[in-house]
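**Student:** quick one, structure for this:
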Amino acid sequence: MLRFLQHLRTAALNATAAAIGLGLGFSLVLLTGADPFVAINTLLVYPVSDPYNAAEVLIWFTALLIIAQGIALGIRANLWNVGAEGQFLIGSIMTLWTYKQLANHLPAPLVVVAMIAAGIAGGAAWALVPGVIRARYGGNEIVVTLLLNLVAVSVLWWALDGPIRGRLSAGYPLSDVIAPDYRLPILLPGTRLNAGLFFALAVALIYYLLAERTHFGYSVKAVGSNPYAAVVAGIRVQRVIVLTMLIAGAAAGLAGALHVMGVLYRIDAGYAETGFGYLAIAVAMLGGAHPIGVVFSSAFFSFIMIGSQAMQRAIQVPFPIVYAVVGIMLISLTAVQRTYRRTV
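**Tutor:** Alright, predicted model coming up:
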């Protein structure tokens, strides 16, 4: 009962922070001179106005949920993986590279499995370096993962001009289009909603069991709370740190693989600006770094992002305001939590 009340308190605090952030963010929209009624109607109604728009919400939900679960696990260990964006890119690149290498040599089901595995491995490998640097040398994983995002963008540009360059790209930085046999099945005809949604829900369940029902999950919490006490308790802190980073990277890489195989089917230079990895940090924080909380915060942010994109088109609001709202939400979340701690 006490644990339930703690989760309820956390949910209430985060909902308050989200409401404050949305309120302040909407004030920015009004400062642009936009019609407030059109803005509110577009933001709240458009995402569920027809099946296609609702499917787009679920596409964002799929990517954010998978990536944010890994970031949330890291937060529990006091690890801040800011590199999910780069891990997402590397996972996508490895997926397309595997497709290009195997598509003509193995049966389609085996290639699909290999593509997903390659995406997971690519994301995990990109997270290994910051994990080792933090565990072995005490380096700042925030700085390392952030810089690796920039390296990942360069790797993307290189790969589009080399290993994954499309045969019919005509000199443009484009990959091959994944053939229908190697794509994820579409769940709702006429939309882009695909079987990646099931992967996302499965990941949420797995991360819940891992974080809440295993010895490793207990070790992650212990390391995050007090690494020195964790050592005394016999926990191998360095091992936990590296594994946590690997798991977080694997999640981001899986999200990249699923997004390529189920939504876009190809990538170009503009793929470096998806923003899923950075937004997932806010999702993990708003979800209280809890697997179930992350499910709800992923749904919330997905809804807001689709509504915000529609609002930007309807009333010509500069799209960077959307990310300003996200930033205000994070500031509100920090302020609300600090205020609460001072009053208890």
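
**Student:** all helices for the chain, in order.
**Tutor:** For the chain, the helices defined by DSSP state H cover 2-31, 36-45, 51-76, 84-102, 108-137, 141-160, 196-213, 215-225, 227-232, 237-259, 276-286, 291-315, 320-343.

**Student:** quick check: which of the ones you listed is nearest to residue 187?
**Tutor:** helix 196-213 (6.6 Å; C-beta to C-beta). (C-beta placed from N, C-alpha, C; glycine too.)

**Student:** you'd agree residue 295 is up against residue 284?
**Tutor:** No - the criterion here is C-beta atoms under 8 Å, and residue 295 misses it with residue 284 at 11.4 Å.

**Student:** who has more neighbours, the two?
**Tutor:** residue 284 (30 against 22; other C-beta atoms under 10 Å).

**Student:** am I right that that one is in contact with residue 66?
**Tutor:** No - here residue 284 lies out of contact with residue 66, judged by C-beta under 8 Å, at a distance of 11.5 Å.

**Student:** centroid residue for the protein?
**Tutor:** Geometric centre of the chain, nearest residue: residue 67, 3.1 Å, by C-alpha atoms, centre = their mean.

**Student:** let me see the contact set for that one.
**Tutor:** Contact analysis of residue 67 by C-beta atoms under 8 Å, 6 or more residues apart in numbering lists 84, 88, 251, 252, 255, 276, 277, 280, 283.

**Student:** same check on residue 258?
**Tutor:** With contacts defined as C-beta under 8 Å, 6+ apart, residue 258 is in contact with 62, 63, 66, 116, 119, 184, 194, 196, 199, 200.

**Student:** so which of those residues is surrounded by the most neighbours?
**Tutor:** Neighbour counts for those (other C-beta under 10 Å) peak at residue 66, which has 33 neighbours.

**Student:** not counting its neighbours along the chain, what's nearest it?
**Tutor:** Spatial nearest neighbour of residue 66, chain neighbours left out: residue 255 (4.2 Å); criterion: C-beta to C-beta, 6 or more residues apart in numbering.

**Student:** repeat for residue 13
**Tutor:** Using C-beta to C-beta, 6+ apart, the closest residue to residue 13 is residue 336 (5.5 Å).
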